[in-house]
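Visitor: have a look; sequence and predicted model below, questions after that.
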Amino acid sequence: LYKQWIPDTNYENKTNWDKGKVPCGNDVVVFPAQGKVSVFVETTHAVQEMRLPVDGELILNSGAGFYVLSGKDPACGAGATVQFQDSESLQWFNPAMWQAAATQNDFQLGKFLFSVHEESVPCQQDDVVFKALSSFRVDTTSSQSTIPVTSVSVLGKSFNSKSEFSEYLSTRTGQMQFHGSSAVTVGNPGCGDPSGCDCGNSVNHQLICSTVQCATVSCKQPLSPMGHCCEVCGAIVTIQYTVGFNMQTYRERIHHLFLILPEYRSIQLGVSKVFKSQKLLGVIPFSTTPEIQVVIVDGEEGKLSEALAQNIMTDIRSHGSELGITESEFQASSGNSSDPS
Amino acid sequence: ELKEITPINQPRMLADDGHLIFTTGDDKDIRFQPSVSGRVKVGDEDLSQLLIQIKTNKEDIDKIKADGGAIPPEISNHLNQLDTQVSTV
Amino acid sequence: ELKEITPINQPRMLADDGHLIFTTGDDKDIRFQPSVSGRVKVGDEDLSQLLIQIKTNKEDIDKIKADGGAIPPEISNHLNQLDTQVSTV
Amino acid sequence: ELKEITPINQPRMLADDGHLIFTTGDDKDIRFQPSVSGRVKVGDEDLSQLLIQIKTNKEDIDKIKADGGAIPPEISNHLNQLDTQVSTV
């Protein structure tokens, strides 16, 4: 899948300025002296004065630039000191910083995929996207020395060679964009298994969840999906599969059969491969088996999610064998569950 | 996919340890375009004027190399003296 | 309606197809003014130094044009030789 | 005149009476650093070339100051004339 970093350090992004507006011709623009930042400038701006950081850069898109006026800019107001916001604390392992999609085009179309928290952050088989006409600053600190992914695209250039990307990281721009203790490495093979791959982020589970604020849940039996940081109200369908199961096909099938229906508009559904410990006598873990976890939430008590889970179970009963599905069960936060057959 | 974007080739204005640096990517220029009445100045110096001066200097030098510069007064004096001596022999 | 201020007559820095362009406005300059102890450099060259050199060169040329440069040794030799000849006549 | 001085060494771009000014703090340079294959141009002139010319000019001037430039034809003529006169005495 593609995972796209949401924040940017673009000049035109008004949320990057302390006054909540892009500075205009009467303003004094101040970048904090010690903030190491790479700022992307997409268009032309008038400034009264701009103070750059001691170490930092402005990347100028074609047509972008700065000019000064002889008098006041009548459209700008009295003029003020406008400061660029600090972006030091934005962490790679914060799930809220990422959007997921099946194709790059889906980002433009706003077709985002819901994932459990661990998979909201780029998985080892993912292609990481930083928006083409933008710059950013991301803190990669983690307990691991590297963050392996398949590819990273920055400023419109896609890197899938380990050495080329490591060279990019050593450039001035690379060092301003990526800071922190772990090195992002590209060239990890994509997911070659049609039934899907384990994300690989369970090793970072604590770090990921340390950034997440869980909402209080109001359902009878909140569920704890694997890879998620919070209890949820909704339903989980667990699928055992065999040869012939294709995760991408199955994700699309659920979308076409159910998610496009108006009654399911508020549904968020994430499909992932997880490794569940098999427990001997229910206590001692003795092996792990991959299975498919379908997490369904609806932002409310979970009734709608349960209805969808029932629909999915029905579909599996009729078409499971064609889809490579051998067994399935569901649990809902209402307390209902399928008969474990 | 992404089509028209030239990757990582944009010019930059950057600060490096307080130095102000203007850079460009491969094959890309930095151009100063003074207008008829506006000047590009480095400190108090008018860059265009000085660049014209470079060429004037070169032309002057070429002329001196070809034809010699002024005649040093010692030479003139020496020649005049010799003239006098020769004419009075 | 006053929002449409074109930067056309204003001094500006602009990226154009990867080139970085500094354009001055009508009667308006662009100045690069480092601190007293800072320099303006083009690549590895110290532009400030070189601009001073242009003026020094001009002064030197003016002096050569006024007073001549060094006396070429052929001339000195020739004059000495004539001196000797004249004195022995 | 710069309105105020920032205590920190932040490079600045500012408007001064409609002029566009780039400044740096103490001991900090302003550098123009195109890529290896990119050039710095002033109008249509290649600044890097012109900077080389400054040095060439200086070398030429030094040579002229040391050895003299070309021998002015008046001098050559004068000397030849003296030669003739002396030899016919």
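Guide: Looks like it arrived, so ask away. These numbers come from a predicted model, not from an experiment. Numbers count the residues shown, from 1 in each chain, chains lettered A, B, ... in the order given.
Visitor: would you mind measuring the gap between the ends of stretch A:21-34?
Guide: 22 Å (C-alpha to C-alpha, to the nearest Å).
Visitor: is chain C contacted by it?
Guide: Yes - counting by C-beta under 8 Å from any C-beta of the partner chain, chain C has neighbours in stretch A:21-34: residue A:25. Every C-beta, even on glycine, is put in place using the N, C-alpha and C of the backbone.
Visitor: tell me the mean pLDDT for that stretch?
Guide: Confidence over stretch A:21-34, taken as the mean pLDDT, stands at 94.
Visitor: wait, does that stretch contact chain D?
Guide: Yes - when contact is scored as C-beta under 8 Å from any C-beta, part of stretch A:21-34 falls within range of chain D: A:31, A:33.
Visitor: residues in contact with that stretch?
Guide: Outside of stretch A:21-34, the residues that reach it under the criterion C-beta atoms under 8 Å, 6 or more residues apart in numbering or on different chains are A:11-14, A:17, A:37, A:39, A:45-54, A:56, A:68-69, A:72-73, A:75-84, A:86, C:5, D:8-10.
Visitor: so what's the gap between it and the chain middle?
Guide: Between the mean C-alpha location of stretch A:21-34 and the chain-wide mean there is a distance of 30 Å, by C-alpha atoms, centre = their mean, to the nearest Å.
Visitor: shaky segments in the chain?
Guide: Just going to use chain A. A:278-287, A:339-341 (pLDDT under 70).
Visitor: wrong one, chain B
Guide: For chain B, the ranges with pLDDT under 70 are B:1-8, B:89.
Visitor: report the central residue of the chain.
Guide: No chain specified, so I'll use chain A. With the centre of chain A defined as its mean C-alpha position, the nearest residue by C-alpha atoms, centre = their mean is residue A:98, 2.4 Å away.
Visitor: if you could check chain B rather than the one you did, that'd help
Guide: Relative to the mean C-alpha position of chain B, the nearest C-alpha, by C-alpha atoms, centre = their mean, is the one of residue B:54, at 3.0 Å.
Visitor: show me what whichever helix or strand that one is part of is packed against.
Guide: Element membership for residue B:54, per DSSP states H and E: helix B:47-67. The contact analysis (3 or more C-beta pairs under 8 Å, 6 or more residues apart in numbering or on different chains; DSSP states H and E) places helix B:47-67 against strand B:40-42, helix C:47-67, strand D:40-42, helix D:47-67.
Visitor: and the residue nearest to the centre of chain A, bridged to which residues?
Guide: Partner residues in beta bridges with residue A:98, using DSSP bridges, are residue A:5.
Visitor: what sits against it?
Guide: Counted by C-beta under 8 Å, 6+ apart, residue A:98 has contacts A:3-6, A:120-122.
Visitor: that one and residue A:123, how far apart?
Guide: For residue A:98, the distance to residue A:123 under the criterion C-beta to C-beta, to the nearest Å works out to 11 Å.
Visitor: next one: residue A:332
Guide: Separation of residue A:332 from residue A:123 (C-beta to C-beta): 27 Å.
Visitor: try residue A:180
Guide: Distance check for residue A:180 against residue A:123: by C-beta to C-beta, it reads 19 Å.
Visitor: and the stretch 101-250 of chain A, which residues reach chain B?
Guide: A:104, A:132-133, A:153-158, A:168, A:172-173.
Visitor: so residue A:320 sits against residue A:328, correct?
Guide: Yes - under the contact definition of C-beta atoms under 8 Å, residue A:320 touches residue A:328, with a separation of 7.0 Å.
Visitor: one step back: now the common contact residues for residue A:98 and residue A:123.
Guide: In terms of C-beta under 8 Å, 6+ apart, residue A:98 and residue A:123 are both contacted by the residues residue A:3.
Visitor: in the stretch 201-341 of chain A, which spans are strands?
Guide: Using DSSP state E, counting those that start in this stretch, the strands of the stretch 201-341 of chain A run over A:234-241, A:268-280, A:284-297, A:325-332.
Visitor: just the C-alphas of the second one, formatted as CSV.
Guide: Looking back up the chat, that one is strand A:268-280. Below are the C-alpha coordinates for strand A:268-280, written out as CSV (Å, rounded to 0.1, in the frame of the first residue of the first chain):
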residue,chain,number,x,y,z
GLN,A,268,-14.5,2.4,8.5
LEU,A,269,-13.1,-1.0,7.6
GLY,A,270,-9.5,-2.2,7.7
VAL,A,271,-8.2,-5.6,6.4
SER,A,272,-4.9,-6.9,7.6
LYS,A,273,-2.9,-10.0,8.1
VAL,A,274,-2.1,-10.7,11.7
PHE,A,275,-0.3,-13.5,13.6
LYS,A,276,-2.4,-14.8,16.4
SER,A,277,-0.8,-16.9,19.0
GLN,A,278,-2.3,-20.4,19.3
LYS,A,279,-2.4,-21.1,23.0
LEU,A,280,-1.9,-24.6,24.3
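Visitor: and the contacts of that strand?
Guide: Counting by C-beta under 8 Å, 6+ apart, the neighbours of strand A:268-280 from elsewhere in the structure are A:113-116, A:119, A:195-199, A:225-227, A:238, A:247, A:250-251, A:254, A:259, A:285-299, A:308.
Visitor: run the last query once more with 6 Å
Guide: Here strand A:268-280 makes contact (C-beta atoms under 6 Å, 6 or more residues apart in numbering or on different chains) with A:114-116, A:119, A:196, A:198, A:226, A:251, A:285-297.
Visitor: what do you get for the third one?
Guide: Residues external to strand A:284-297 that are found in contact with it (C-beta under 6 Å, 6+ apart): A:116, A:225-226, A:232, A:234-241, A:268-280, A:305, A:308-309.
Visitor: let's verify residue B:76: helix, strand, or coil?
Guide: Using DSSP: H, G, I helix; E, B strand; the rest coil as the criterion, the local structure at residue B:76 reads helix.
Visitor: how near is it to residue C:75?
Guide: In this structure, residue B:76 lies at 11 Å from residue C:75, with C-beta to C-beta as the measure.
Visitor: now do the helices in the stretch 51-200 of chain A.
Guide: Taking DSSP state H, counting those that start in this stretch as the criterion, the stretch 51-200 of chain A contains helices spanning A:104-109, A:117-120, A:162-170, A:172-177.
Visitor: helices or strands up against the second one?
Guide: Based on contacts counted as 3 or more C-beta pairs under 6 Å, 6 or more residues apart in numbering or on different chains; DSSP states H and E, there is no element that helix A:117-120 packs against.
Visitor: change it to 8 Å
Guide: In terms of contacts (3+ C-beta pairs under 8 Å, 6+ apart), helix A:117-120 is packed against strand A:98-101, helix A:205-210.
Visitor: list the buried residues in the last one.
Guide: By that I understand helix A:205-210. Taking 16 or more other C-beta atoms under 10 Å in any protein chain shown as the basis for neighbour counts, the residues of helix A:205-210 that come out buried are A:205, A:207-209.
Visitor: so between residue B:76 and residue C:75, which is more surrounded?
Guide: Here residue B:76 and residue C:75 are compared on neighbour count by other C-beta atoms under 10 Å in any protein chain shown; more neighbours surround residue C:75, at 23 against 15.
Visitor: okay, that one and chain D: tell me how far apart.
Guide: Using C-beta to the nearest C-beta, to the nearest Å, residue C:75 is found at 6 Å from chain D.
Visitor: that residue contacts residue D:68, doesn't it?
Guide: Yes - under the criterion of C-beta under 8 Å, residue C:75 makes contact with residue D:68 at 7.4 Å.
Visitor: and residue A:61, how many neighbours?
Guide: Residue A:61 sits with 21 neighbouring residues when counted by other C-beta under 10 Å.
Visitor: same thing with the one 5 residues further on?
Guide: Applying other C-beta under 10 Å, we find 25 residues neighbouring residue A:66.
Visitor: for residue A:317, same thing?
Guide: Neighbour count of residue A:317, defined by other C-beta under 10 Å: 11.
Visitor: what residue in chain B comes nearest to chain C?
Guide: Using C-beta to the nearest C-beta, the closest approach of chain B to chain C is made by residue B:38 at 2.8 Å.
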